[in-house]
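*Asks:* Prediction below, plus the sequence it came from.
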Amino acid sequence: MNDDSCNPVKMYSCTQCSSTFKNYKSLWSHTHRKHNTQTFKCSICKEKEYKHRQSLYKHEKTCKETKNAHDLEMERMKQTTLQLKLELLKQRKQSENISFKVVNRMLKERSSSNNTMNHSHNTNTNSYNTTHNHNHYTIIVPLGEENVLASLTTEEKKAILDCRLGALDRLVETVHCGSRDEFKNVMVTNDKSNHMHRFDKEKGHFVAASKYETMDRLIECRTSDLADSCRELSDQLDKRTKELIQKLLTQLDDDENGYSHGDKLYANYRAYQMAKTSLLLYNHHEEMTKALGNMIDPPAPAATNDIIEQRPMRL
């Protein structure tokens, strides 16, 4: 007859509570299930925590795909919002009394749109394949980079030179205030201010600039164009026209002698011409603004399917 008291069953006790178990496996399972404080946190969403590494691994597989889908949806929403803003600005610029601020805001939106799309392309390089680059900038040539002589016809150059002492005024009006919208790169919206607006190539819109420095640069560029036109059409100009054009160029190059017009005295003829050109631009700024507004078209919305090719996603 067996006596159980002679062969007691070995028990395993938990060191952290009063629980006992018949075998070590049960004790180990209890300890890791009830008393293990170590957790594994998701490195993607930074929210979910798991006690077992295997559970974390399973979660991260779907979490990564969900995050990619979320980022894609956010990009779509940004592009939709941007397109709505551009449409609103387009409606505003169709108004008869469009302001220069509205036009410049449209240019800023265009610049922002381009930067957003480029940033989207760069940040999604690892997850997506870039296939298209939507860069729809309105072409405005910065001051000093215009190829004026190539854009003017022989008849236009001849008509400008025939204005003789008024040739520079006619050239500025033809180039910056006429039908060549790409050369509308300077704007005087306040004749009393010491500042004006000048197109910035890097920023993609107009910025405030010193009126004196900008007008001086403008006169320098157009004077050079006038001299080149005179040499080019020398055989077609009469002697008197050549003499007066040369007189004009000499006066513009003279920085020492003062010049008076009416009851106002200027430091030199160039300063007088700068003031006259500034007034000319101011008198034309409304039609220049309207022409720029009509020239700007909102960029095509970023079609997500054209920009990126999404990896297969498991839901």
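*Replies:* Noted; the coordinates are in hand.
*Asks:* Report the mean per-residue pLDDT for stretch 162-178.
*Replies:* Across stretch 162-178, the average pLDDT comes to 97.
*Asks:* Using PDB, write out every CA atom in it.
*Replies:* Output in PDB follows, covering the C-alpha atoms of stretch 162-178 (Å, rounded to 0.1, in the frame of the first residue of the first chain):
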ATOM      1  CA  ASP A 162      12.100 107.800 -85.300                       C
ATOM      2  CA  CYS A 163      10.900 109.200 -82.000                       C
ATOM      3  CA  ARG A 164      14.400 110.700 -81.600                       C
ATOM      4  CA  LEU A 165      14.700 112.300 -78.200                       C
ATOM      5  CA  GLY A 166      11.600 110.400 -77.100                       C
ATOM      6  CA  ALA A 167      13.000 107.100 -78.300                       C
ATOM      7  CA  LEU A 168      13.800 105.800 -74.800                       C
ATOM      8  CA  ASP A 169      10.200 106.500 -73.600                       C
ATOM      9  CA  ARG A 170       8.800 104.700 -76.600                       C
ATOM     10  CA  LEU A 171      11.100 101.700 -76.100                       C
ATOM     11  CA  VAL A 172      10.200 101.300 -72.400                       C
ATOM     12  CA  GLU A 173       6.500 101.700 -73.300                       C
ATOM     13  CA  THR A 174       6.800  99.100 -76.100                       C
ATOM     14  CA  VAL A 175       8.800  96.600 -74.100                       C
ATOM     15  CA  HIS A 176       7.300  96.800 -70.600                       C
ATOM     16  CA  CYS A 177       3.800  98.200 -71.100                       C
ATOM     17  CA  GLY A 178       2.900  96.700 -74.500                       C
END
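*Asks:* Buried residues of that stretch, list them for me.
*Replies:* 162-164, 167-178 (16 or more other Cβ atoms under 10 Å). C-betas here are computed from N, CA, C, even on glycine.
*Asks:* Stretch 245-252 too?
*Replies:* In stretch 245-252, counting by 16+ other Cβ under 10 Å, buried: Ile245, Leu248, Leu249, Gln251, Leu252.
*Asks:* Over to stretch 141-155?
*Replies:* For stretch 141-155, by 16+ other Cβ under 10 Å, it's Val141, Leu143, Glu146, Val148, Leu152.
*Asks:* Which residue ranges of the stretch 101-250 of the chain form strands?
*Replies:* 186-187, 195-200, 205-210 (DSSP state E, counting those that start in this stretch).
*Asks:* out of the ones you listed, which comes closest to Ile98?
*Replies:* In terms of Cβ to Cβ, the element of the strands of the stretch 101-250 of the chain nearest to Ile98 is strand 186-187, at 13.0 Å.
*Asks:* The closest one pairs with which strands, parallel or anti?
*Replies:* strand 195-200 (antiparallel) (DSSP bridges).
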